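[1] the following comprises the amino acid sequence and a computationally predicted model.
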Amino acid sequence: MSRSSKGAVLLLAMSALVRPAAADEQKTAIIPVQQRSTGAKGVERLVVDFAKTVALPRPASTVIIGNTGIAQASLSDDRTVILTGKTPGSTNLIVIDSDGAEVANLVLDVVASSGRLVTVHQGARRATFTCARRCDPVLLVGDDADHFNATASQIAARNGFSAPSPDNQQ
């Protein structure tokens, strides 16, 4: 499919999501809100590419993630874990203290930010975009390999610009 055809398909998909505001409606910004899980105790809901803090009941020294492809975790201090969703799915988080005792054991449910994502289907091919003022491609497992690999390559190149060069490392 040509580039202009893809643009037309994306524009058509976006037009279905947007309607003009009525004169009496207030215009409000869409702000992503991360809510605590309303599911079972010990389950944390994360959104892909968003960070979240979890307060621990006592000091901890180590965090373990079951599948680091789904979520990332680090200790900000000995009582705060920072979680980041990486791709949709479920995994677990185990936090232990310096004596090896378990401080927390949570299930992490990572979901895509569906309120901002637009999925374009072209036959069996799928491409996902995040859309606010404009649409940009995102990495979402299940997208067409060409779309996914091109987006991943561009993200890696962009991230390489901010990486310290070997000459500037301390």
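    Done, it's in.
[2] all helices for this protein, in order.
    3-17, 145-162 (DSSP state H).
[3] between those helices, which gets the lowest average pLDDT?
    Mean pLDDT is lowest for helix 3-17 among the helices of the chain, at a mean of 51.
[4] how far away is A156 from N149?
    As judged by CB to CB, to the nearest Å, A156 and N149 stand 10 Å apart. Heads up, the C-betas are built off the backbone N, CA and C, glycines and all.
[5] so between those two, which is more surrounded?
    Between A156 and N149, counted using other CB atoms under 10 Å, N149 has the larger neighbour count: 12 against 9.
[6] residue contacts, the more buried one?
    Shown in contact with N149 (CB atoms under 8 Å, 6 or more residues apart in numbering): no residues.
[7] switch the cut-off to 10 Å
    By CB atoms under 10 Å, 6 or more residues apart in numbering, N149 lies in contact with 139, 143.
[8] repeat for L106
    Shown here is L106, whose contacts under the criterion CB under 10 Å, 6+ apart are 37, 41-44, 54, 73, 81, 83, 91-95.
[9] how near is the residue nearest to it when sequence neighbours are not counted to D109?
    Take L106 and drop its neighbours on the chain: the residue closest to it by CB to CB, 6 or more residues apart in numbering is L93, 4.6 Å away. With distances taken as CB to CB, L93 is found 11 Å from D109.
[10] got it, and F50?
    Relative to D109, F50 is positioned 13 Å away (CB to CB).
[11] domains in this protein, as residue ranges please.
    Per the record, the chain has its domains at 38-109, 114-159, by the TED database.
[12] give me the mean pLDDT for the longest one.
    Pointing back at domain 38-109 there. On average, domain 38-109 scores 90.
[13] quick one: it to chain centroid distance?
    Distance of domain 38-109 from the chain centroid (CA atoms, centre = their mean, to the nearest Å) equals 15 Å.
[14] also stretch 122-137?
    Distance, stretch centre to chain centre, for stretch 122-137: 15 Å (CA atoms, centre = their mean).
[15] how about it: buried residues?
    127-131, 135, 137 (16 or more other CB atoms under 10 Å).
[16] what's the answer for stretch 143-152, then?
    Residues of stretch 143-152 classed as buried by neighbour count (16+ other CB under 10 Å): 143-144, 147-148, 151.
[17] tell me the two of the residues you listed that are most distant?
    D144 and T151 (10.2 Å; CB to CB).
[18] could you find the closest non-adjacent residue to the residue nearest to the spatial centre of the chain?
    Taking CA atoms, centre = their mean, the centroid of the chain lies closest to V48, which sits 1.5 Å from it. Spatial nearest neighbour of V48, excluding adjacent residues (CB to CB, 6+ apart): G85 at 4.6 Å.
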